[in-house]
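**Q** predicted model and sequence follow; I will ask about them next.
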Amino acid sequence: MGLAFLGRGALVLTLALAVFALVAGSAAAKQGRTRLTASARNALVAAFASTAVASATLVAAFLGHDFSLAYVASHSSRELPLAYTIGAFWSGQSGSLLLWLLLLTGASSAAVLANRRLVAEVLPWTVPVLAGASAFFAFVCVVVSSPFVTAPAPADGAGMNASLQNPYMLAHPPMLYLGYVGLTIPFAFAMAGLLSGRTDERWLVATRRWTLGAWTALGVAILIGAKWAYETIGWGGYYAWDPVENAALMPWLASTAFLHSVIVQEKKGILRVWNVSLVSLAYCLSLFGTFLTRSGVINSVHSFAQSSIGGWFLGFIAFAAAFAALAIIRRLPLLRAETRLESLASREAAFLYNNLLLVAFCLTILWGVAFPIVSQAVRGTPFTVGPPYYDFFLRVFGLPLLLLMGIGPIVAWRRSSLRSLVRGLRWPAAAALAAGALLAAGGAASSPPALVAYTFCVFVLTGIVAEFARGTRARHGVDGDGWVRAFTTLVGRNRRRYGGYVSHAAVVMLAVGIAGSSAYGVSRTVHLQPGQTTSVGRYSLLYVGPSFKRGANHDELRARLALAEDGKLVGTIAPGKNRYHVEAFFSNAAAIRTDWLRAQDLFVVADQFDRDGSVHLRVIVNPLVPLIWISGLVFLVGSLVATWPDAREQRRIARRVAELEALAPA
Amino acid sequence: MSRGSPVRLAVALSVAAALALFLLYTSIAGGATPTLTPSKLGQAHGRVTLSGIVTAPVAGSAESDDGLRFALRDPNGGARVRVVYHGAVPDLFGVGKRIYLDGRLRDGTFVAVPGSLVTKCPSKYVAKKGA
């Protein structure tokens, strides 16, 4: 009862502080009252502290097995290992919303404290916007879905869902929420810029790292989720276009578009309406995912609560979208472009095409996700669009995007002549055509889309390598530095640009992995008695027999298989099933053997064990899947390079802000 | 974007192209399949996604020639349909579980597409009992 009282009290305090920050902050910003603004800002920071107390209380309840809290009783048990007992915090609806609130108030506090000098006029309006979002989540945690509801305590809890007892579960949800929450910050600064009438590039400068951070977190979370699905669900795939997966992909695509288009606004002063619209879209889509998972309106392989929480989220999304639309319309005259697009063959035009493709793909996915709702409303029967729909549009929009990734860095700002374009593109194009011809000769033409994707990938990679080589050579020539020093200086002085190229390389690896595993995978289903053998590709599997082992909180049933590659014994693998004691659930334990040299996986699932000791196996050879996971690491490196603090850039930003301050109307 | 800018033209053309592609896809390729419960299956023609709750008895094996045989009922009603399925069976399959599978109704039995069975993954946000 004590912990419940403390947790509930802390959340009520968070709600009160957020509402105060919203009301007082709005009044202060409108009336220009500096001390009241500071007070609202402090209330927002205090809201973070009280949410941290509520979160610590919930963690303490889990660690102390306080089953008088219904949430703790239904998501943990005494047998649950320590790491999962802590992770149980976000394994259900109420706790995951509390985690969201904790990250939101934390990020909001950090953003307003870090930018208090940089955007002095915009900040007073940023506080109430962030406070409004925090107040909504605090309200949901207090009134609609509280993790501190009490009930008669059972002797033991119900335990954690078996499919959640996985190390990826400890990383995936916090990373995902970090991405969702991170998108609140640029949205809040954009809205504050509109509300204050300061529609120049200061809000972009202030939130550049926040946007990059949120985008990185979201991208990494999607890949962690894909790896989790790959290793746990046991169908040999990693992404199934499920609405819940799409819910994370959509804001990532919108924020990818935004990250590119802000460069154009910073350089040329155009696309201002587009950028505030994009950041609003990304924010609304981050909320839309939560609406999907909680409302129960969509049929999905994921289970959802049929709770009233979906209605609250829908209302909040509608409010946020209407608020953003009205703010943009009201400030349209101030958002007029400083210059115009001079040529359709320019860097800014390439960014624009990239944006249109990304947004079109994002909206196509949104349409696919919403299609059951629309068709239910129009025709009375929900129609779903499956993977073929998404795969089709992935090719339609993805392949041109890939091509643009190679062309964009080569095209000059303002205008590119045909001659300079040809000069820049000749080597990447020649390398791509040569690679395409070689691959086609090697049999890759069995899947034309994959062959095209590979050709484009070579084009992009050659362009990236050429960019690094050109820059390093120039620096080596001008400064007389050694090659290594010239390279590090080049990257160090243009972190956003070269970090971006590394991220492009990660996307290329991802594309190679997706195209390869989709087009060239081999699968076989077999029923083996002990002593029998099966072969798939260069692998041979001898079924030795079943084995059983009792673990701490689960039993392990395994099919022991002796594995040979090209006829040479290389070891054993043991796919099987786990049965969790408390939860009485089964989960797959796929055996995955990665050949890093060939970049391919042997993926074996034991679908069924029969009483006579035989086993039904699915043996899948997944080419190039390891590249997908490596691309995640490369993506992270690229993002870190682009985000890493840079004193030189800080000075540039300060100069740019000073210029904008001087230009801004009083 | 200033008046008369080629950007507007590019935006308009791209949006139009995207819409046209979608219309083409949905009208020609017909990528959408209706999701039906057993009570509405009688109205269906062609391939559909069937959704319902597994009821006992569950007989046979998905790996055998006769396949896995069971019945599905409406989540909120009593209508039932017999189902025959071949292919991989997810771990969470069982009596009382909500499942989805693709297939066609043939002579009163729903013949599922091999490998199309998916169970609802009770990963998170599961409704409280009795809710």
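**A** Yep, that arrived.
**Q** show the contacting residues for the residue positioned nearest the centre of chain B.
**A** Closest residue to the average C-alpha location of chain B: residue B:49 at 3.2 Å, with Cα atoms, centre = their mean. Taking Cβ atoms under 8 Å, 6 or more residues apart in numbering or on different chains as the definition of contact, the neighbours of residue B:49 are A:384, B:33-36, B:100-102. In short, each C-beta sits where N, CA and C put it, glycine included.
**Q** do residue A:453 as well
**A** For residue A:453, the residues meeting the contact criterion (Cβ under 8 Å, 6+ apart) are A:398-399, A:402, A:511-512, A:515.
**Q** re earlier: can you tell me which two in the contacts of residue B:49 are farthest apart?
**A** Pairwise distances across the contacts of residue B:49 peak at 13.5 Å for B:34 and B:101 (criterion: Cβ to Cβ).
**Q** what ranges does the stretch 451-600 of chain A have for its helices?
**A** Taking DSSP state H, counting those that start in this stretch, the helices of the stretch 451-600 of chain A run over residues A:483-493, A:495-520.
**Q** JSON lines for these, including mean neighbour count, distance to residue A:421 and mean pLDDT?
**A** Listed next are these as JSON lines, based on neighbours: other Cβ atoms under 10 Å in any protein chain shown; distance: least, Cβ to Cβ, whole Å; pLDDT from 0 to 100:
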{"stretch": "helix A:483-493", "mean neighbour count": "16", "distance to residue A:421": "23", "mean pLDDT": "89"}
{"stretch": "helix A:495-520", "mean neighbour count": "22", "distance to residue A:421": "19", "mean pLDDT": "93"}
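**Q** could I get those helices as TSV with distance to chain B?
**A** Shown next, in TSV, are the helices of the stretch 451-600 of chain A (distance: least, Cβ to the nearest Cβ, whole Å):
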stretch	distance to chain B
helix A:483-493	31
helix A:495-520	16
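**Q** ok but residue A:394 is inside a strand, no?
**A** No. Under the criterion used here (DSSP: H, G, I helix; E, B strand; the rest coil), residue A:394 is helix, not part of a strand.
**Q** so what's it closest to, chain neighbours aside?
**A** Beyond its immediate neighbours in the sequence, the residue positioned closest to residue A:394 (Cβ to Cβ, 6 or more residues apart in numbering or on different chains) is residue A:361, lying 7.6 Å away.
**Q** list the contacts for residue A:280?
**A** Residue A:280 makes contacts with A:187, A:190-191, A:320-321, A:324-325, A:328, as judged by Cβ under 8 Å, 6+ apart.
**Q** in strands only, show me those.
**A** Among the contacts of residue A:280, DSSP state E puts none in strands.
**Q** now, among those, which is nearest to chain B?
**A** Nearest to chain B among these: residue A:328, at 13.8 Å, using Cβ to the nearest Cβ.
**Q** touching, the closest one and residue A:335? I think so.
**A** Yes. Here residue A:328 reaches residue A:335: they are 7.2 Å apart, a contact under Cβ atoms under 8 Å.
**Q** shared neighbours of the two, anything?
**A** Joint contacts of residue A:328 and residue A:335 (Cβ under 8 Å, 6+ apart) are A:273, A:276.
**Q** buried sites along stretch A:84-92?
**A** Residues A:84-85, A:87-92 are the ones in stretch A:84-92 that count as buried (16 or more other Cβ atoms under 10 Å in any protein chain shown).
**Q** which of these come close to chain B?
**A** Applying Cβ under 8 Å from any Cβ of the partner chain to the buried residues of stretch A:84-92, one finds that A:91-92 fall near chain B.
**Q** give the residue spans of chain A that score low on pLDDT.
**A** In the prediction, chain A carries residues with pLDDT under 70 at positions A:1, A:117-119, A:294-307, A:583-584, A:649-650, A:652-654, A:656-666.
**Q** which parts of it belong to which domain?
**A** Annotated domains of chain A cover A:1-159, A:522-626 [automatic domain parsing].
**Q** equivalent analysis for chain B, please.
**A** In the domain annotation for chain B, the residue ranges read B:1-32, B:35-119 (automatic domain parsing).
**Q** ranking these by mean pLDDT, which is last?
**A** Within these, the least confident segment by mean pLDDT turns out to be domain B:1-32, at a mean of 64.
**Q** that older thread, can you tell me the SS state at the residue nearest to residue A:394?
**A** With three-state DSSP as the basis, residue A:361 sits in helix.
**Q** so what's it up against?
**A** Listed by Cβ under 8 Å, 6+ apart, the contact set of residue A:361 reads A:253, A:393-394, A:397-398, A:401.
**Q** how about residue A:12?
**A** By Cβ under 8 Å, 6+ apart, the neighbours of residue A:12 are residue A:142.
**Q** quick check: which element contains it?
**A** According to DSSP states H and E, residue A:12 maps onto helix A:2-31.
**Q** what's around residue A:32, how many residues?
**A** 10 (other Cβ atoms under 10 Å in any protein chain shown).
**Q** also the one 5 residues further on?
**A** The number of residues packed near residue A:37 is 24, by other Cβ under 10 Å.
**Q** surely residue A:360 meets residue B:13?
**A** No. Under the criterion of Cβ under 8 Å, residue A:360 lies out of contact with residue B:13, with a separation of 11.5 Å.
**Q** who has more neighbours, those two?
**A** Legend: neighbour count by other Cβ under 10 Å for residue A:360 and residue B:13, higher for residue A:360 (23 against 11).
**Q** got the residues of the stretch 551-666 of chain A near chain B?
**A** Taking Cβ under 8 Å from any Cβ as the measure of proximity, the stretch 551-666 of chain A contacts chain B at A:577, A:585-588, A:605, A:607-608, A:616, A:618.
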